[in-house]
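Undergrad: Got a sequence here, can you model it:
(chains A and B)
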Amino acid sequence: MSHAATKTQSATATAQWEPNIVAFLCNWCSYAGADLAGMSRFAYPANIRIVRVPCSGRVDPMFVLKSFERGADMVLVSGCHPGDCHYTSGNYHARRKLQAFRELLGFLGIDPQRFRMSWVSAAEGAKWSSVVTGVTEEARKLGPFKHYPSYGGNGDGTTCRKSSE
Amino acid sequence: MATLTIDGRQAEAEEGQTLLAVAKTLGIDIPTLCYHRAVAPVGACRVCVVEVTGGGRPGLVPACAYPALDGLVVETDTEAVRESRRMTLELLLARAPNAEVIREMAARFGAEELPLERGDDRCIRCGLCLRICREIIGPASTCFAGRGVQREVSTPYKLLSDVCIGCGACAYVCPTGCIDPAEFCSHPLEKIPNEFNCGYDSRTPIHIPFPQAVPNKPLIDRENCIHFKTGGCGACKTICPAGAIDYEMVDEFVDEKVGAIIVATGYEILDPSVYEEYGYGRYPDVVTSLEFERMVSASGPTDGALRRPSTGLPPKSVVFLQCIGSREEKTPGKPYCSKICCMYTAKHAILYKHKVHDGQAFIFYMDIRSGGKNYEEFVRRVVKEKVATYLRGRVSKVYPRGGKLIVQGADTLSGGQVEIAAEMVVLAAALQPSSGVRELAQKLRIGYDQHGFLSEAHPKLKPVETNTAGVFLAGCAHSPKDIPDSVAQASAAASKALGLITHDRLTREPTIGIVNIQTCNGCFECEGVCAYGAIGPREIRDRRGNLVATIAHINEGLCQGCGACSVTCRSKSIEVQGFRDDQLFAEINAISSGNGRGQ
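TA: Residues are numbered from 1 along each chain as shown, chains lettered A, B, ... in the order given. The predicted structure is shown next:
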């Protein structure tokens, strides 16, 4: 009985599970592109949560790790197209740093597929919409992010110790 | 210095000046034909005669060649002078009755046609062409041939000249405009197409690019200039009375420090030859709207007379095709509306009817987009007054048949196919940003869209600003727009630029980096990633002035707040105001947990 109940419960939980995606968008291109997507009424999944940063070069790898730690299923970093950085070279710094960091994610036990980068300009509202749609599809395929499942989860897909609020 | 009297007025003359030059300083008009200030006067035509009445030997003298001697008393408008000029012009008129300048001058002095055998050319044998070639240009490729009535301008032995450089100075100075250098030159003279008139006429290597050019001054096209190609000629330098020609000048880079930049790089027209069905580039009577605009312009290559490029006759029917490349999702088309074509096509239809009263105009359109003050009324007028027949539909093919162009298209309102035999087809091709605008945008660090149109900072609230402070947009560099819109945006950009630079202090965003002087250890990793050179050393000293540490310091005026240094700093000693680590982590914590999910 209890076994069956648990099963039903978990089935409901899976049915209700929606991927949670944290996105770091540079202020000048991708954030403006997302703004334009809204203004142009392009629809995209509501699973994405946006953190505005001045430049993709401002994204510290620790931000990505913190997002996973706190329960994000996928992390997206989006900046200006290479060559078009508002700050000349910030997206080049981001690209190098975060690609190297991506290689290390597997070492930390995180599927590198859960970390994505994209280039979306301020004029590409439609592209932003398709990027989010694609990333959300990917997140659904990968399923909930369960880090160290043997330790049990926090019930919300997060597994790590809650840091003191 | 000599003092003389001309028409009762005292004048000072310098050594070597002629009567003509002195009269000019007094504002006295003396007619001339064979005179040009660049070459030595010979007094050949004798229309410049004036009467010496005192101070020298009395009589008629040519003003262009007679020296301004001290004490001379000269009259320029006596009975004898008028009679002499009338007789001269009667003879010239008999020789060159077709020369407009001679006819005008003859009418002015009352010269009548004499019962003499009429000449049939426009040459008055003044020899100015020969003199400029010999004295100024140098090769002396032309000469007089024959004697008496057989005298004519020719080349030595009447052979085409090998030494002629084709400079055209002879044609330029000829008072009656009868010289064609191609008749003397043994090698073909290249015509330089006039870019401003879309190549429908030619220009000289030294030219003013277009009538309203700012500054309205000539420039030398080095690739075609004979002086730059061969080292010869130099006619313009010799002739220029202001001495403004300097062949030593070269293009140079000028560094200017400015407080604001307005980007107004304009547009180009999509080359319609990519659409082979319209035959642009293959059939001369298929032209773009810009070419049509030049053809009907009063300052254009035909002085406003509309002519078919193939036959030179006015076209009796013209078909205008709108949306060539505009509103087309597939490449090479452009998905956007070029905005100005509906209006200028309606205007062209009206201009066409002004030029060709019995002509027929047809306009193929997709939709008529005539938003704007009085625009819809204008288009309605073209429709109502039957200036043009509007056909809603597209054209599938244009091909020549029997000296005309057959335009095959669909009329979607009647639901049928139409075939029009046109004498001219005008394509309203799409606007696109100027080539090279992407490189410029990258230099200025401003955004652009997939077509190359420059991006405004906000589509509604900041339509003239860009994301880079101090850079503003105006005109078609931003998006296709018509003249009133471009002027409005340019005015807005100018006021924004003034607003920026008229303050004593610069207002700017406070979101810049700050160094924590307690934890910075002076590794200067941050200095390497700063794109603005905003990070430099700062010396920390104790009270006695001893150097304690050298740490990083951020120049507040230079820092743009990108945060690259903040991420690079290993001791986390740099924070960007407004985007501090603790602020971002708080944000991440809030949205990463399950509570933020869309359930």
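
Undergrad: all contacts plus neighbour counts: C-alpha atoms, from now on.
TA: Noted.

Undergrad: Okay, now the sheet partners of the helix or strand B:Cys323 falls within, with direction.
TA: B:Cys323 is part of strand B:317-324 when elements are defined by DSSP states H and E. Strand pairing for strand B:317-324, determined by DSSP bridges: strand B:360-365 (parallel), strand B:424-429 (parallel).

Undergrad: winner for burial among those strands?
TA: Comparing the strands paired with strand B:317-324 by mean neighbour count (mean count of other C-alpha atoms under 10 Å in any protein chain shown), strand B:424-429 ranks first with a mean of 27.

Undergrad: And that strand, how far out from the chain middle?
TA: 22 Å (C-alpha atoms, centre = their mean, to the nearest Å).

Undergrad: got the contact list for that strand?
TA: Residues outside strand B:424-429 that contact it (C-alpha atoms under 8 Å, 6 or more residues apart in numbering or on different chains) are B:269-272, B:285-289, B:292, B:308, B:315, B:317-326, B:341, B:345, B:404-405.

Undergrad: Swap in 6 Å and give it another go.
TA: Strand B:424-429 has contacts (C-alpha atoms under 6 Å, 6 or more residues apart in numbering or on different chains) with B:270, B:285-289, B:318-322, B:324.

Undergrad: wait, doesn't B:Val398 sit right on B:Val418?
TA: No: using C-alpha atoms under 6 Å, B:Val398 is not in contact with B:Val418; the gap is 11.9 Å.

Undergrad: Not counting its neighbours along the chain, what's nearest B:Ser434?
TA: B:Tyr267 (4.7 Å; C-alpha to C-alpha, 6 or more residues apart in numbering or on different chains).

Undergrad: circling back to that earlier point, in the strand holding B:Cys323, which residues are buried?
TA: Neighbour counts over strand B:317-324 (16 or more other C-alpha atoms under 10 Å in any protein chain shown) mark B:317-324 as buried.

Undergrad: could I have that strand exported to PDB, CA atoms only?
TA: Output in PDB follows, covering the C-alpha atoms of strand B:317-324 (Å, rounded to 0.1, in the frame of the first residue of the first chain):
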ATOM      1  CA  SER B 317       4.800  53.300 -72.100                       C
ATOM      2  CA  VAL B 318       6.500  52.600 -68.800                       C
ATOM      3  CA  VAL B 319       6.000  49.700 -66.400                       C
ATOM      4  CA  PHE B 320       7.000  50.300 -62.800                       C
ATOM      5  CA  LEU B 321       7.700  47.200 -60.700                       C
ATOM      6  CA  GLN B 322       7.600  47.700 -56.900                       C
ATOM      7  CA  CYS B 323       9.000  45.400 -54.200                       C
ATOM      8  CA  ILE B 324      12.000  44.200 -56.200                       C
END
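
Undergrad: could you give me the average pLDDT of that strand?
TA: Averaged across strand B:317-324, the pLDDT comes to 97.

Undergrad: where does the residue most central in space within chain A fall, helix, sheet strand or coil?
TA: Compute the mean C-alpha point of chain A, and by C-alpha atoms, centre = their mean the closest residue is A:Val75, 2.0 Å away. The three-state assignment at A:Val75 reads strand, by DSSP: H, G, I helix; E, B strand; the rest coil.

Undergrad: Is it in contact with A:Phe115, as I believe?
TA: Yes: with contact defined as C-alpha under 6 Å, A:Val75 reaches A:Phe115; the gap is 5.0 Å.

Undergrad: who touches B:Ser273 in this structure?
TA: By C-alpha under 6 Å, 6+ apart, the neighbours of B:Ser273 are B:280-281.

Undergrad: Am I right that B:Val101 sits in a strand?
TA: No: assigned with three-state DSSP, B:Val101 falls outside any strand and is helix.

Undergrad: Look up how far B:Ala21 lies from it.
TA: In this structure, B:Val101 and B:Ala21 are 22 Å apart, going by C-alpha to C-alpha, to the nearest Å.

Undergrad: Can you pick out the residue with more neighbours from these two?
TA: Looking at B:Val101 and B:Ala21 with other C-alpha atoms under 10 Å in any protein chain shown, you find the greater number of neighbours at B:Ala21, namely 21 against 17.

Undergrad: Is it correct that that one falls within a helix?
TA: Yes: assigned with three-state DSSP, B:Ala21 falls within a helix.

Undergrad: Grab the nearest non-local neighbour of it.
TA: B:Cys64 (7.6 Å).

Undergrad: That neighbour: neighbour count?
TA: Using other C-alpha under 10 Å, B:Cys64 is surrounded by 28 other residues.

Undergrad: repeat for the one 5 residues further on
TA: Here the neighbour count serves as a burial measure; for B:Leu69 (other C-alpha under 10 Å) it reads 20.

Undergrad: ok, it - contacts?
TA: Per C-alpha under 6 Å, 6+ apart, neighbours of B:Leu69: none.

Undergrad: State the distance from it to chain A.
TA: 74 Å (C-alpha to the nearest C-alpha, to the nearest Å).

Undergrad: and what of B:Cys240?
TA: 48 Å.

Undergrad: which parts of the stretch 401-550 of chain B sit against chain A?
TA: B:442, B:445, B:449 (C-alpha under 6 Å from any C-alpha of the partner chain).

Undergrad: and if we set it to 8 Å?
TA: By C-alpha under 8 Å from any C-alpha of the partner chain, the residues of the stretch 401-550 of chain B that approach chain A are B:442, B:445-450, B:455, B:467-468, B:529, B:531.

Undergrad: Which pair in those residues has the greatest spatial separation?
TA: B:Gln450 and B:Val529 (28.9 Å; C-alpha to C-alpha).

Undergrad: ok, those two, which is more surrounded?
TA: Remark: of B:Gln450 and B:Val529, B:Val529 carries more neighbours, 20 against 10, as counted by other C-alpha under 10 Å.

Undergrad: related to what we said a few turns ago, quick one, what contacts the residue nearest to B:Ala21?
TA: B:18-21, B:32, B:35, B:41-43, B:48.

Undergrad: Against B:Cys123, how distant is it?
TA: Relative to B:Cys123, B:Cys64 is positioned 20 Å away (C-alpha to C-alpha).

Undergrad: any chance you could map the strands in chain A?
TA: A:21-26, A:48-53, A:74-79, A:115-119 (DSSP state E).

Undergrad: The residue nearest to the centre of chain A contacts A:Ile21, correct?
TA: Yes: contact criterion C-alpha atoms under 8 Å: A:Val75 and A:Ile21 qualify, at 5.6 Å.

Undergrad: With that, I have no additional questions.
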